[in-house]
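Chemist: A predicted structure for the sequence below; I have some questions about it.
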Amino acid sequence: MNTKTNPKSTDIDIDAIHKALANPARRVILAKLREPETYFPEQQLSYEHGVCAGQIDDCCSLSQSTVSAHLATLQRAGLITSKRVGQWVFFKRNEAVIQAFLAHMNADL
């Protein structure tokens with residue numbers, strides 16, 4: 001069963017979010033993206049577009065393909081967004097979805 005809800009025009013897939021957050025590596029990635037200046041200080045470009053995929057790879061101690069799979073899962077759940085800038089892909093938290101999810105959890109539990 002796929003539970004979707006529409007708080008404040010933000011569609012969230014509760015089940016996909018729960019599945020994405022079930023993996024500790026994905027929770028770590030999401031937590032580090034909250035404070036990119038702290039966890040990704042090596043990034044040369046501004047954080048306006050997010051954090052470069054290569055920087056995320058470096059911080060996780062996992063293979064590039066595993067990190068890519070984790071990022072894809074977080075993105076499918078709506079927890080992060082991506083933006084291509086030239087040859088690089090940048091990821092950032094989708095705060096609207098995260099806040100809608102937290103509000104849903106707060107209201108339903």
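Modeler: Sure thing, it's come through. The structure displayed is predicted, hence computed values, not measured ones. Residues are numbered from 1 along each chain as shown.

Chemist: All the strands of the protein, residue numbers only.
Modeler: 4-5, 12-13, 51-52, 80-85, 88-93 (DSSP state E).

Chemist: Including distance to residue 65 and mean pLDDT, could those strands go into CSV?
Modeler: (Each C-beta comes from the backbone N, C-alpha and C, glycine too.) Below are these laid out as CSV (distance: least, Cβ to Cβ, whole Å; pLDDT from 0 to 100):
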stretch, distance to residue 65, mean pLDDT
strand 4-5, 30, 47
strand 12-13, 24, 94
strand 51-52, 17, 94
strand 80-85, 16, 95
strand 88-93, 14, 96
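
Chemist: Export those as CSV, with columns for distance to residue 30 and mean neighbour count.
Modeler: Shown next, in CSV, are these (distance: least, Cβ to Cβ, whole Å; neighbours: other Cβ atoms under 10 Å):
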stretch, distance to residue 30, mean neighbour count
strand 4-5, 20, 12
strand 12-13, 15, 21
strand 51-52, 11, 22
strand 80-85, 7, 15
strand 88-93, 7, 19
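
Chemist: any chance of those strands in a markdown table, with distance to residue 34 too?
Modeler: A markdown table is the format used below for the strands of the chain (distance: least, Cβ to Cβ, whole Å):
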| stretch | distance to residue 34 |
| --- | --- |
| strand 4-5 | 23 |
| strand 12-13 | 18 |
| strand 51-52 | 11 |
| strand 80-85 | 11 |
| strand 88-93 | 6 |
